[in-house]
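Colleague: quick one: sequence plus predicted model below, questions after.
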Amino acid sequence: MRKKIVIGNWKMNLSLDSSQDLVFKIKSFLNDKTNADVAVCPPSIYLQAISTLIKGTKISLGAQNIHCKDEGAFTGEVSPKMLKDFETSMVIIGHSERREIFKETDELVNEKIKSALSHRLTPVFCVGENLETREQGKAEEWVKNQVINGLKGFSPEEIGKLIVAYEPIWAIGTGKVCGSDDANKVIQTIRAVIKELSSEEVASKIRILYGGSIKSSNFEEIIKFEDIDGGLVGGASLKADEFNKLIEIASNASTVAC
Ligand code: PGA
């Protein structure tokens, strides 16, 4: 049985004080009955502070991006090797904001996944279509190609180490959540592609999340589906009350599924 997971993507938000306060409130909310995995992805400059705060808790630490090389003349970049110094265990790769604003290609995403895996970081590999593609009825085809290109050259064992996040671009930060049936359909397609690229076993173990305007008011409807293993959450991960409600919803959904 796959355990549900809620990952907070803080993006370029919060201050050191407010991020520490947020983590403190998440920490206080978690208890032995929490039956969901939880991770936060702060801006890289806060990783060290947050890493200290979450030591010994159920909260995992993720980064929002990496460079694919270990070191070198890459001004402003952070390497996967550096992330390991702060017990970072996962990294978001291929987020649509990086693809659109920073022009990251499928090839670069593939390189970054390779690099993350070589440092034992769990890649949270993001895919998703824009509104035009969705309106043309080509969302599944688009996402399928992103998965195939992003995972080119990986063994089934390597693919099994990933988390995938389906984030329709038109639903990110817009308040427009993707219909849960539609999200489930694309996620099932992703699972089917992963099965083709690896094996039935890997496809049944890998966690595939939804992301895009998740809130406590719509999350239950989204993760009721067996194939949707949790959420990658932007805006709603910045408020402790709201994020804690999402954790509770995921925890209840994991318990029901068991
Ligand atoms: P959102 O962002 O929840 O604010 O829509 C999700 C994401 O970009 O990961």
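Modeller: On my side now, so go ahead. Numbers count the residues shown, from 1 in each chain.
Colleague: residues from the stretch 151-258 of the chain in reach of the ligand?
Modeller: Counting by CB under 6 Å from any ligand atom, the stretch 151-258 of the chain comes close to the ligand at 167, 172, 173, 211, 212, 213, 214, 232, 233, 234, 235, 236. For the C-beta atoms, the positions are set from N, CA and C on the backbone; glycine is no exception.
Colleague: mind putting those residues in TSV, distance to residue 225 and secondary structure included?
Modeller: Listed next are these as TSV, based on distance: CB to CB, whole Å; DSSP: H, G, I helix; E, B strand; the rest coil:
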residue	distance to residue 225	secondary structure
167	16	coil
172	20	coil
173	23	coil
211	14	strand
212	15	coil
213	17	coil
214	14	coil
232	16	strand
233	17	strand
234	21	coil
235	22	helix
236	19	helix
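Colleague: pick the one among those residues closest to the ligand.
Modeller: Nearest to the ligand out of those is residue 234 (CB to the nearest ligand atom; 2.3 Å).
Colleague: where does pLDDT dip in this structure?
Modeller: Within the chain, the ranges that satisfy pLDDT under 70 run 255-258.
Colleague: now do the strands in it.
Modeller: Shown for the chain, the strands assigned by DSSP state E span residues 5-9, 37-41, 59-63, 90-93, 122-127, 163-166, 207-211, 230-233.
Colleague: for the second one, which residues meet the burial criterion?
Modeller: Translated: strand 37-41. Buried residues in strand 37-41, counted by 16 or more other CB atoms under 10 Å: 37, 38, 39, 40, 41.
Colleague: how about the last one?
Modeller: Buried residues in strand 230-233, defined by neighbour count with 16+ other CB under 10 Å: 230, 231, 232, 233.
Colleague: packing partners of it?
Modeller: If contacts are counted by 3 or more CB pairs under 8 Å, 6 or more residues apart in numbering; DSSP states H and E, strand 230-233 sits against strand 5-9, strand 207-211, helix 219-223, helix 240-257.
Colleague: could you redo those as a markdown table and give each row mean neighbour count?
Modeller: Formatted as a markdown table, those follow (neighbours: other CB atoms under 10 Å):
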| stretch | mean neighbour count |
| --- | --- |
| strand 5-9 | 25 |
| strand 207-211 | 25 |
| helix 219-223 | 22 |
| helix 240-257 | 19 |
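Colleague: so which of those comes closest to residue 117?
Modeller: Comparison of these against residue 117 by CB to CB identifies strand 207-211 as nearest, at 15.6 Å.
Colleague: quick one: residue 124 and residue 92 touch, right?
Modeller: Yes - with contact defined as CB atoms under 8 Å, residue 124 reaches residue 92; the gap is 4.7 Å.
Colleague: between the two, what contacts are shared?
Modeller: 7, 62, 165, 232 (CB atoms under 8 Å, 6 or more residues apart in numbering).
Colleague: can you pick out the most distant pair from those residues?
Modeller: Spanning the widest gap among the shared contacts of residue 124 and residue 92 are 62 and 165, at 11.4 Å by CB to CB.
Colleague: shared neighbours, those two?
Modeller: With CB under 8 Å, 6+ apart as the test, residue 62 and residue 165 both reach 7, 92, 124.
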